[in-house]
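Enquirer: Below are the sequence and a predicted model for it; my questions follow.
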Amino acid sequence: MIGTGSPDPGESVFTAVDMALKHVSERDLFVSLKSENTSPVGISADAFTRICEHIFTGEPAVKIGKLSQTAYTRFDRNADGILDENEFHDCFATWIQPTLNSRKCLLIVDVQNDFITGTLALKDSPAKQDAAEVVPVINRILADHRAAFDTVVYTQDWHPADHCSFVQNVKRLNVDVSSKVQPHDCKPFDIVVIRDDDNSLFEQALFPAHCVQNSFGAEFHPDLKVVPDAVFIRKGVDSNVDSFSAFKDNRAKSQTELDRVLSSMGVTDVYCCGLATDYCVGSSALDALQFGYRTVVISDACRGCADSGISHMQQRIKEKGGCLINSTDLPNLLNGSERSIILAEQGLSDGALERVRMQPPKAV
Ligand SMILES: [Zn+2]
């Protein structure tokens, strides 16, 4: 046990982890945990499991055991069955510390008039969902939990009038002969095959003109709460490439500022909400996972276009390790009283570990 007095064996790991939250040194924690077992050089798998039990209080023992084993194997690089001091340093800095002190971004995607009441209103799409319903949910999240997020980011689809996704602009596109839909007979929501300047082929979905720069349709819904000190990301600004994701365009030719901004803040976790689940929210969540952020989608703060597209996107996000929650799950998740095992598993991915090695979360 760290400090003086006789340790109670049942309490010692808890005390050590608890004190780690208060910035007890990693060295002290290592020495304390090492004393929990008989190894002279490091921490045994059993002692490590007890750390995990205290970090993930309330989670089922089977899940904690599986997570503990995965993490232990991950950090016991020489596979000698002991976490030595160097291995523990890596584990503490890249996994335990971010798990205890995650830095969070609320990413509010495209809550714009055109997707709610305008030319691309979700209520006119197959699922007939009312996109306006996300506004009070998001406003409540901001009212109740603004302080728990290190940053709030709002994105906007922000297209020039000659944008390639607008059906009326299809005649200027280099539609390939292989495309089943040709310019003379295409309509909104058709997909055409485009031949790019480099001769590569790509699919382009066609939509009614929407979110034209500086138009009313591109503005946020008038009732959406916009908090001070927020970050604003505009996407789809290039006439020749569409951009569903808040991170990069659909052809991965260019990135927005989002990753750079979040990296500079040491953000580890991205909570996604907004419009539409099966397009821009989902694509942003998948990219967040790919960029190594622990990623959560707040499902009741999202609406989508088509039931099949929504469920397919949710499945893809789950398969990539993402976490789907409701806004009612936020209080316990944000205040740390419930640490998500799914998020902790995400934190063990190559991308997440690399992100923390490059950009450690800043101290609270
Ligand atoms: Zn668009």
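Expert: Received, thanks.

Enquirer: where does the residue in the stretch 251-364 of the chain that the ion sits nearest to land in three-state SS?
Expert: Nearest residue of the stretch 251-364 of the chain to the ion: residue 280, at 7.9 Å (C-beta to the ion). C-betas here are computed from N, CA, C, even on glycine. What DSSP: H, G, I helix; E, B strand; the rest coil gives for residue 280 is helix.

Enquirer: need the contact list for it.
Expert: Shown in contact with residue 280 (C-beta atoms under 8 Å, 6 or more residues apart in numbering): 109, 110, 155, 157, 244, 245, 246, 274.

Enquirer: TSV please, covering the residues you listed and showing secondary structure.
Expert: What follows is these, written out as TSV (three-state DSSP):
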residue	secondary structure
109	strand
110	coil
155	strand
157	strand
244	coil
245	coil
246	coil
274	strand
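
Enquirer: so the most centrally placed residue in the chain is in which element?
Expert: Nearest to the geometric centre of the chain sits residue 295, at 2.8 Å (C-alpha atoms, centre = their mean). Element membership of residue 295 [criterion: DSSP states H and E] is strand 294-303.

Enquirer: helices or strands next to that strand in the packing?
Expert: When contacts are defined as 3 or more C-beta pairs under 8 Å, 6 or more residues apart in numbering; DSSP states H and E, strand 294-303 packs onto helix 134-145, strand 269-275, helix 282-290, helix 307-319, strand 323-325, helix 341-346.

Enquirer: Can you tell me which of these is most buried?
Expert: Highest mean neighbour count of those: strand 269-275, a mean of 28 (counted as mean count of other C-beta atoms under 10 Å).

Enquirer: Span of stretch 95-110 from start to end?
Expert: Using C-alpha to C-alpha, to the nearest Å, the end-to-end distance of stretch 95-110 comes out at 32 Å.

Enquirer: Use 19 as the first number from now on
Expert: With 19 as the first residue, the last one maps to stretch 113-128.

Enquirer: Tell me the secondary structure at the nearest residue to residue 169 once chain neighbours are set aside.
Expert: Excluding the flanking residues, the one nearest residue 169 by C-beta to C-beta, 6 or more residues apart in numbering is residue 123, at 5.0 Å. Under three-state DSSP, the three-state class of residue 123 is strand.

Enquirer: Kindly state the beta-bridge partners for residue 123.
Expert: residue 169, residue 288 (DSSP bridges).

Enquirer: Could I get the contacting residues of it?
Expert: 167, 168, 169, 170, 171, 280, 283, 285, 287, 288, 289, 311.

Enquirer: What's the local residue count around the last one?
Expert: Put plainly, it is residue 311. 30 (other C-beta atoms under 10 Å).

Enquirer: Please name the nearest non-neighbouring residue to it.
Expert: Nearest to residue 311 is residue 288, by C-beta to C-beta, 6+ apart, at 4.4 Å.

Enquirer: before we move on, back to that, would you confirm that the residue nearest to the centre of the chain contacts residue 287?
Expert: Yes. Counting by C-beta atoms under 8 Å, residue 313 touches residue 287, with 7.4 Å between them.

Enquirer: How many residues are close by the nearest residue to residue 187 once chain neighbours are set aside?
Expert: Nearest non-adjacent residue to residue 187, counting by C-beta to C-beta, 6+ apart: residue 180, 5.7 Å away. If you count neighbours by other C-beta under 10 Å, residue 180 ends up with 12.

Enquirer: so who does the residue of the chain found nearest the ion touch?
Expert: Residue nearest to the ion within the chain: residue 175 (4.1 Å; C-beta to the ion). The contact partners of residue 175, taken as C-beta under 8 Å, 6+ apart, are 128, 130, 132, 133, 228, 229, 236, 253, 254, 261, 298.

Enquirer: ditto for residue 242
Expert: Residue 242 neighbours (C-beta under 8 Å, 6+ apart): 126, 129, 153, 156, 157.

Enquirer: Show the subsequent helix or strand relative to the host helix or strand of residue 91.
Expert: Per DSSP H and E: residue 91 is located in helix 79-93. Where DSSP H and E defines the elements, the next helix or strand beyond helix 79-93 is helix 103-109.

Enquirer: Quick one: mean pLDDT for whichever helix or strand comes after that next one?
Expert: Counting by DSSP H and E, the next helix or strand C-terminal to helix 103-109 is helix 115-118. The average pLDDT for helix 115-118 rounds to 86.

Enquirer: got it, and stretch 269-285?
Expert: On average, stretch 269-285 scores 94.

Enquirer: try stretch 188-202
Expert: Per-residue scores along stretch 188-202 average to 90.

Enquirer: Could you dump the helices and strands packed on strand 312-321 into a markdown table and include distance to the ion?
Expert: Converted to a markdown table, those look like this (distance: least, C-beta to the ion, whole Å):
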| stretch | distance to the ion |
| --- | --- |
| helix 152-163 | 17 |
| strand 287-293 | 11 |
| helix 300-308 | 11 |
| helix 325-337 | 15 |
| strand 341-343 | 24 |
| helix 359-364 | 28 |
